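Engineer: Model the following, please.
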Amino acid sequence: MEIKEENIINIHNFLPHRKPMLMTDYILELTKEKVITSFEIKEDNIFVDKGLFVEAGLIENSAQTCSSILGQSFFENPEADTKVIGFITNIKKIEIFSLPKVGSTIISRASLISQFENICQIFCETFLEDELLLRSEINLFIQEVTP
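Structural biologist: A predicted model of the protein is given here:
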């Protein structure tokens, strides 16, 4: 997939995650039902072991990619100091086929299966170029935290 800089959306506008737990860099496409993200795997990433981005990192990348579909409604105004809490409520299915190396940029594509209020079920696939790395079906919960 060719990444066009004019189409990139800063992931910080849609997720509460920050380093060292931020496992997505950019949103390449976002609608109410689907999202595509990119993530460059760096050597200092907490989920890198022996030069590979391990399973837990791929799962976290998938969850954060999926979260941006539901999270976009909480972060529509980047100037607002919105605080949210979110977590995986269920991993219905996960298949990991391969682990990417440090220096790789992975692309994750997620699509909404169903949503009820702040809970959603999302399908996600992660690729390194044309190679399928991960396929998952995740249930997520997200809500705004009020002071």
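Engineer: three-state assignment of the residue nearest the centre of the chain?
Structural biologist: The centroid of the chain falls nearest to residue 65 when counting by C-alpha atoms, centre = their mean (1.8 Å). What DSSP: H, G, I helix; E, B strand; the rest coil gives for residue 65 is helix.
Engineer: From here on, call the first residue 53.
Structural biologist: Okay, using 53 as the starting number, the last item reads as residue 117.
Engineer: I figured it hits residue 76, correct?
Structural biologist: Yes. In this structure, residue 117 is within contact of residue 76 by C-beta atoms under 8 Å, at 5.9 Å. The way it works is simple: take the backbone N, C-alpha and C, and place the C-beta from them, glycine included.
Engineer: anything in contact with each of those two?
Structural biologist: Common contacts of residue 117 and residue 76 (C-beta atoms under 8 Å, 6 or more residues apart in numbering): 89, 160.
Engineer: Who does the residue lying closest to the residue nearest to the centre of the chain once chain neighbours are set aside form a beta bridge with?
Structural biologist: Residue nearest to residue 117 in three dimensions, not counting chain neighbours: residue 160, with 4.1 Å by C-beta to C-beta, 6 or more residues apart in numbering. Legend: beta-bridge partners of residue 160 under DSSP bridges are residue 89, residue 178.
Engineer: Count the neighbours of residue 160 for me.
Structural biologist: If you count neighbours by other C-beta atoms under 10 Å, residue 160 ends up with 27.
Engineer: how close does it get to residue 78?
Structural biologist: Plainly put, residue 160 is 11 Å away from residue 78 if you go by C-beta to C-beta, to the nearest Å.
Engineer: Find the residues that touch each one of the two.
Structural biologist: 89, 90.
Engineer: returning to what we had before: the residue nearest to residue 117 reaches residue 88, doesn't it?
Structural biologist: Yes. Look at residue 160 against residue 88 with C-beta under 8 Å: they come within range, at 7.1 Å.
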